[in-house]
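Visitor: Quick one, fold the following:
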Amino acid sequence: MAGNFRSYIWDPVLIVSQILLMQCIYYSFLGLWLAGVDGLVQNSRSLDQIFSYEVLGFSTLQGRLSMMAFILNSLTCALGLWFFIRRGKQCLDFTVTVHLFHMVGCWAYNARLPAALSWWLVNMVCMALMAVIGEYLCMRTELRAIPVNTGPKSNL
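Guide: Numbers count the residues shown, from 1 in each chain. Predicted coordinates:
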């Protein structure tokens with residue numbers, strides 16, 4: 001009995017559904033952040049903003065705003081880890097999985113691996129932020145005190 005607290009049960013359906021959910025959160029919130037950024041500078045929306053390597057750059061205003069959208073998206077994805085994954089030990093796994101699938105999507109979209117240093121820097125910073133903040137939020141929830149006395153008190 002003592003070794004069964006928070007034991008991990010292998011559930012591939014749960015893991016795959018959590019991966020799909022995190023991918024949906026990643027791309028839907030990234031689209032919302034990019035739409036907000038595009039609304040600020042009256043730029044047209046395009047899939048290039050999500051998948052193209054050349055969009056993320058330090059030299060243009062649009063590139064810097066796109067970087068800001070990616071960073072803000074990592075914060076909202078950290079909230080997604082907190083709400084749906086709820087395990088601090090799994091935050092890094094899901095973060096790397098989301099960004100690995102994003103890299104594969106970018107690779108398929110551009111038909112080549114990324115060569116832009118800014119793309120790698122932004123994605124590494126976003127991975128670090130998402131993992132650390134998600135793990136922090138999950139660990140705070142996991143370490144909450146468990147109430148022992150939930151029944152009414154009796155005066156003895």
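Visitor: which residue sits closest to Glu135, ignoring its sequence neighbours?
Guide: Residue nearest to Glu135 in three dimensions, not counting chain neighbours: Cys91, with 4.2 Å by Cβ to Cβ, 6 or more residues apart in numbering. Every residue, glycine included, has its C-beta placed from N, CA and C.
Visitor: Sorry, wrong one. I was asking about Ile25.
Guide: In space, and not counting its chain neighbours, Ile25 is closest to Gly80: 4.1 Å by Cβ to Cβ, 6+ apart.
Visitor: What distance do you get for that neighbour to Val96?
Guide: Look at Gly80 and Val96: by Cβ to Cβ, to the nearest Å, they are 15 Å apart.
Visitor: Of the two, give the one with the bigger neighbour count.
Guide: Neighbour count, other Cβ atoms under 10 Å: between Gly80 and Val96, Gly80 has more, with 21 against 13.
Visitor: pretty sure Thr76 is in contact with Phe29, am I right?
Guide: Yes. Counting by Cβ atoms under 8 Å, Thr76 touches Phe29, with 4.5 Å between them.
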